[in-house]
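In: Sequence plus the predicted model coming up.
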Amino acid sequence: MTSTNPIQTTLTVAPDSPVGRLRLGRSAAQWDAAVGHRFVDELFAGSIDDGVLAGYLVQDYQFFDAFLSMLGGCVAHADRLESKLRFAAQLGMLAADEDGYFQQAFTQLGVPEEQWRDPELSRAAAGFQSEMYDAVAQAEYADLLVMLVIAEWLYLDWGERDAELPERYVHSEWIELHRGEAFASWCQFLVDELNRVWPAAEAAGRAAELTARWERAVALELDFFDVTYEGHAD
Ligand SMILES: Cc1ncc(CO)c(N)n1
């Protein structure tokens, strides 16, 4: 018998696992729309307007700030040593490679520090910050994992697009940071962790709340790309 997994991804995710059911639930079409977004098309083509990309990265640096807090929350609240160590290692990678990309990109795109340091948040960036800091304040591993699985797996799904890489560093490096073996295995770890802790969270009566959190975060991912183009004429 052959069966095709309805989840199109390079990760191993059973459709009837907790994470598979979340992925295929009410926000599935928004996930697919984010992965196939104009932003991703233009990034791979190397044709994205420099001002549009700069605006996206300025907002995403604020996302990155809150994202680091979530990883710190996972070091604090994960239920076992080997998981804490995985988050600690990822924090080190982000401090080097991802922060390095942002700094290089701001220089290459001519974004001065006063513009990236403390910008007015877009609707989506503000929504994400409150959602992420809420998960940090909740101090529950499952809540943090829901946010992280979406943020990382959705970016892997577009990053692994089968297309040639663009020439410029500002384009290609943002793709490289979200594809490849190291990033895929990090995403697989997050998915496997959420599947592992889900039954206990469900037994504690938290499934509906976590599912609602999933749906809000996927909507924010799509909106994050959408707002990037608002106020920019074609
Ligand atoms: C909005 C957003 N979602 C996900 C990622 C990847 O973690 C990112 N850098 N920005």
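Out: Okay, I see it.
In: Past the biggest helix by length in the chain, which element shows up next along the chain?
Out: When the chain is scanned for its longest helix (criterion: DSSP state H), the result is helix 50-77. Per DSSP states H and E, the first helix or strand lying C-terminal to helix 50-77 is helix 81-93.
In: elements contacting that next one?
Out: helix 50-77, helix 180-203 (3 or more CB pairs under 8 Å, 6 or more residues apart in numbering; DSSP states H and E). In this view, the C-beta of every residue, glycine as well, is placed from N, C-alpha and C.
In: Of all the residues in it, which ones are buried?
Out: Ser83, Arg86, Phe87, Gln90 (16 or more other CB atoms under 10 Å).
In: Check stretch 107-125 too.
Out: Leu109, Val111, Trp116, Leu121, Ser122, Ala124, Ala125.
In: ok, back up a step: quick one: the longest helix of the chain to helix 81-93, angle?
Out: Angle between the axes of helix 50-77 and helix 81-93 is 150 degrees (criterion: axes from the mean of the first three to the mean of the last three CA atoms, to 10 degrees).
In: Centre of the chain to helix 50-77, how far?
Out: Here helix 50-77 is found 9 Å from its chain centre; the criterion is CA atoms, centre = their mean, to the nearest Å.
In: go on, stretch 47-54?
Out: The answer for stretch 47-54 is 20 Å, by CA atoms, centre = their mean.
In: cool, and stretch 83-102?
Out: That offset, for stretch 83-102, works out to 14 Å (CA atoms, centre = their mean).
In: What is the end-to-end distance of it?
Out: Using CA to CA, to the nearest Å, the end-to-end distance of stretch 83-102 comes to 27 Å.
In: Let me see the mean pLDDT of it.
Out: Regarding stretch 83-102, the rounded mean pLDDT is 96.
In: What strand or helix carries the most centrally placed residue in the chain?
Out: Residue closest to the mean C-alpha point of the chain, counted by CA atoms, centre = their mean, is Ala151 at 1.9 Å. Using DSSP H and E, Ala151 sits in helix 141-159.
In: Over to Gln8?
Out: Using DSSP H and E, Gln8 falls outside every helix and strand.
In: Tell me who's in contact with it.
Out: Applying CB atoms under 8 Å, 6 or more residues apart in numbering, we find Gln8 in contact with Asp157.
In: returning to that earlier point: now do the longest helix of the chain against helix 141-159, angle only.
Out: Using the same axes, to 10 degrees: helix 50-77 against helix 141-159 is 150 degrees.
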